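S.K.: Take a look and give me a structure for this.
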Amino acid sequence: MTYLNTPDGPMLEGSSPSRLAALLAEYEVILEGLGAPVAETMSPGVDSIEVEAKLASRGLLCPVEIAVWFGWHNGVHKVDGRRWGGIPLFLPHSLDEALHVYDLNRRELERSFAEGVDYEWATYGAGEGWIQLDPLSESIAVECVRGGAAPPRVRWANIDFADPNFKSKFRAVSLCTAVSSWIDSAQNGAFTWLDKEQRWKFHREQLLVSRTGSILG
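M.R.: Coordinates of the predicted model:
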């Protein structure tokens, strides 16, 4: 994988919606080959018209990469109210869940104004215009203020995002950048599927991160 330097962080060379679709399909095949029932634990994707319409209801535009993401799978299944399976290090939101979190962050904006709290810190750097793809407080967020096929900016939503010393570590361009890093880690032996426990075991020494100075690629 070759990465380009941009003002907004590293970007996988050749990033595009079609490249993202190919990378996601490749990643799923790799994980299924490791024994994980990825397709069984994730929900079917939704069509781009629905993604665009629901983002528009919040005043957001839909980068094609976001439509590709939710068209791949629309979140993970839940068992007894808990998320399970899915992909390593990540339990993706459904589109509706991601927009619910966006609505909560909008309310946080109002509270921040009222209480004088810095909004970037209050929303872990993923506030207005950014859709979080994971339920964890620290997760990947994608900017949805421009539509079209251009690779969107992505962030690792984290409380340190507003600290100038950390910004470069939490930024990248295109979801292709993150997915390509996951593929490299999987091929490097970073993930083992424990079938009896129905969960992933991580081998952190095998994770290929920070090759570009960003944890996203």
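
S.K.: Nearest residue to the middle of this structure?
M.R.: Centroid-nearest residue in the chain, with C-alpha atoms, centre = their mean: residue 140, separated by 3.8 Å.

S.K.: Can you give me every residue that contacts that one?
M.R.: Residue 140 makes contact with 90, 132, 133, 134, 154, 155, 156, 157, 175, 178, 216 under the criterion C-beta atoms under 8 Å, 6 or more residues apart in numbering. Glycine gets a C-beta too; all of them are placed from N, C-alpha and C.

S.K.: Read off the pLDDT value for the last one.
M.R.: For residue 216, the model assigns a pLDDT of 67.

S.K.: any idea how far the residue nearest to the centre of the chain is from residue 154?
M.R.: Going from residue 140 to residue 154 by C-beta to C-beta, to the nearest Å gives 6 Å.

S.K.: before we move on, the earlier item: got the CA coordinates for whichever strand or helix holds the residue nearest to the centre of the chain in PDB?
M.R.: Assessed by DSSP states H and E, residue 140 sits inside strand 139-143. The C-alpha coordinates for strand 139-143 follow below in PDB (Å, rounded to 0.1, in the frame of the first residue of the first chain):
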ATOM      1  CA  SER A 139     -14.200   5.700  16.800                       C
ATOM      2  CA  ILE A 140     -13.800   6.700  13.200                       C
ATOM      3  CA  ALA A 141     -15.800   9.700  12.000                       C
ATOM      4  CA  VAL A 142     -16.400  10.800   8.400                       C
ATOM      5  CA  GLU A 143     -17.000  14.400   7.300                       C
END
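
S.K.: Tell me the first helix or strand C-terminal of that strand.
M.R.: The helix or strand immediately downstream of strand 139-143 is strand 153-157, counting by DSSP H and E.

S.K.: Direction included, what does that following strand pair against?
M.R.: Strand 153-157 sits in its sheet next to strand 139-143 (antiparallel), strand 171-173 (antiparallel), going by DSSP bridges.
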